[in-house]
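J.: here is the input, now give the coordinates:
(chains A, B and C)
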Amino acid sequence: MPEGHAIHRFARLHRSRLAGRRFSAASPQGRFSDGAARLDGRRLDAVDAAGKHLFYRWEGGLTLHVHLGLYGKFRVFDGDPPAPSPNTRLAISDHDVTLYLSGPADCSLVDPDEEEGIRARLGPDPLADGHAGAARFATLLARRSVPVGAALLDQKVAAGIGNVYRAELLFLEGIDPRRRAASIDDQTAHRLWERTVAEMRRGERAGRIVTVDPADIGARSRRGLDPDERLYVYHREGLPCRRCGDAVVRHESAGRWIWSCPGCQPA
DNA sequence: GCTGCATGATGAA
DNA sequence: TCATCCTGCAGCA
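T.: Next up, the predicted model:
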């Protein structure tokens, strides 16, 4: 679940539901006991997102850094929460609301230097920077010798893109993932960035990744798209392309699977 | 009940 | 390029 759209959505939801409250904090799993003890009894002031990273600002100048990685999950409950699972890394609660965090790749208190170090490793963020990130993205992309599919997963090139978006964005722009990043001309790179901004904003709003234009599937459902109608190529190997009918293909890119349409994304 | 996978990232080789 | 870490759950027997 957690590409940048989900992280920014968590920041927005946690900001509105949790910020301004004073929490008791604990680490049921025990692996964040020291940190939880320092947060216990403090007020959460603000929540910021950068790429796939979250920063929770606490009373007294403490900052909690959370990166969900592949497995991390938040659960929020109003009123009486169920018992936390044994792997709950962090639990914060007051009388009205409870947040459980399990499986994060990182959950730690960071000082300003450490936060700066994390941010320094990130390229422009489509959701935080919007159009303003385009030029920097184009410059970074042009400097990469790797295939564009791999470059898009590199958080130093664009912060927040993950395996679903990279495949879908390259489909939408008609770019074969195996083309060298440096071969993408400046205008195409700008278009790719603007597409990224638009699609990730859409995903942030929807709470899920949806890239299809309803016109391409013959928009029939008033309830919205079925789960397997939301994407063009991701996990659709062997199925006909929604645009041209060619069979979607799967190949490896940066150690992960990527999907593309040979007809819509010519080499 | 067990297995394998998943929208991530890092450090060593 | 490989191994490793972080969990939960769908899909199977």
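J.: please see if the worst-scoring helix or strand of chain A on mean pLDDT touches DNA strand C.
T.: When the helices and strands of chain A are scored by mean pLDDT, DSSP states H and E, strand A:249-253 comes last with a mean of 91. No - counting by C-beta under 7 Å from any atom of the strand, DNA strand C is not contacted by strand A:249-253; separation bottoms out at 8.7 Å. To be clear about C-beta, it is placed using only N, CA and C from the backbone, and glycine gets the same treatment.
J.: show me what that strand is packed up against.
T.: helix A:148-153, strand A:256-260 (3 or more C-beta pairs under 8 Å, 6 or more residues apart in numbering; DSSP states H and E).
J.: which one of those is the most hemmed in?
T.: helix A:148-153 (a mean of 25; mean count of other C-beta atoms under 10 Å).
J.: is any part of the helix or strand following that helix close to DNA strand C?
T.: For helix A:148-153, the following helix or strand on the C-terminal side (DSSP states H and E) is helix A:163-172. No - counting by C-beta under 7 Å from any atom of the strand, DNA strand C is not contacted by helix A:163-172; separation bottoms out at 13.7 Å.
J.: what helices or strands is helix A:163-172 leaning on?
T.: Contact analysis of helix A:163-172 by 3+ C-beta pairs under 8 Å, 6+ apart lists helix A:148-153, helix A:186-206, strand A:256-260 as its packing neighbours.
J.: each with direction, which strands does the last one pair with?
T.: Put plainly, it is strand A:256-260. strand A:249-253 (antiparallel) (DSSP bridges).
J.: what is the neighbour count of the residue of the stretch 151-267 of chain A found nearest DNA strand C?
T.: Distances between the stretch 151-267 of chain A and DNA strand C by C-beta to the nearest atom of the strand are smallest at A:Gly255, namely 6.1 Å. Neighbours of A:Gly255 under the rule other C-beta atoms under 10 Å: 7.
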